[in-house]
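Undergrad: How does the following fold in three dimensions:
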Amino acid sequence: MKRMTQSVAVTLAVLVLVGCSDDPHADHGGGVTAPHTPPGAEREFRIPLADFVTDPSLGQRLFVAHCAVCHGETAHGTDQGPPLIHRIYEPSHHADIAFYRAIALGVHQHHWDFGDMPPVPAVDGEQAAHIIAWIRQEQRKVGIE
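TA: Modelled structure (predicted):
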């Protein structure tokens with residue numbers, strides 16, 4: 001029963017990520033296209049299954065390589081992007097699916113004045129899971145749960 005519930009949850013998460021996007025450029029054939037993605041540059045982005053084992057240490061390295069230029073090496077923000085170690089990004093306000101969506105599709109500015117975040121095409125779904133695990137670990141260290 002637990003396995004079926006997890007499968008349903010993963011399916012719903014994928015539908016939210018791809019099918020219910022506010023992005024009018026979404027490709028509902030499997031890949032996603034964001035407003036900042038040139039035509040023909042679609043990619044497939046899959047969220048890992050619920051039993052996927054994340055590695056926060058790998059997530060930190062991936063974060064530094066792909067996200068730190070805007071969010072800072074410790075995810076506390078820069079003049080280019082907001083801090084992710086902040087109450088606004090606590091799980092009850094921005095669930096993990098929001099991070100997957102931002103990485104895959106980009107996101108329109110809504111909490112901060114940094115402008116829209118473009119998608120991060122170099123990061124796939126499994127890499128995103130590691131990054132999210134590291135962000136959540138760092139949030140818990142400062143009492144954000």
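Undergrad: which residues does the spatially closest residue to H130 that is not a sequence neighbour contact?
TA: Leaving aside its chain neighbours, H130 sits nearest to G59 (3.6 Å; criterion: C-beta to C-beta, 6 or more residues apart in numbering). Yep, even glycine has a C-beta here, placed from its N, CA and C like the rest. G59 is in contact with 129-135, 137, counting by C-beta atoms under 8 Å, 6 or more residues apart in numbering.
Undergrad: so G59 is in which element?
TA: helix 56-66 (DSSP states H and E).
Undergrad: Quick one: name whatever helix or strand follows the least confident helix or strand in the chain by mean pLDDT.
TA: Counting by mean pLDDT, DSSP states H and E, the weakest-scoring helix or strand in the chain turns out to be strand 31-32, with a mean of 43. Per DSSP H and E, strand 31-32 leads on to strand 43-44 as the next helix or strand towards the C-terminus.
Undergrad: Which strands or helices does that following strand pack on?
TA: Using 3 or more C-beta pairs under 8 Å, 6 or more residues apart in numbering; DSSP states H and E, the elements in contact with strand 43-44 are strand 31-32.
Undergrad: rerun that using 6 Å as the cut-off
TA: Packing partners of strand 43-44 (3 or more C-beta pairs under 6 Å, 6 or more residues apart in numbering; DSSP states H and E): none among the helices and strands.
Undergrad: Now do that strand: distance to the chain's middle.
TA: In terms of C-alpha atoms, centre = their mean, to the nearest Å, the centre of strand 43-44 is set 15 Å apart from its chain centre.
Undergrad: Give me the sheet partners of it and which way each runs.
TA: With DSSP bridges as the criterion, the sheet partners recorded for strand 43-44 are strand 31-32 (antiparallel).
Undergrad: got the residue ranges for the helices in the chain?
TA: In the chain, the segments counted as helices under DSSP state H are 2-14, 56-66, 68-71, 96-105, 125-141.
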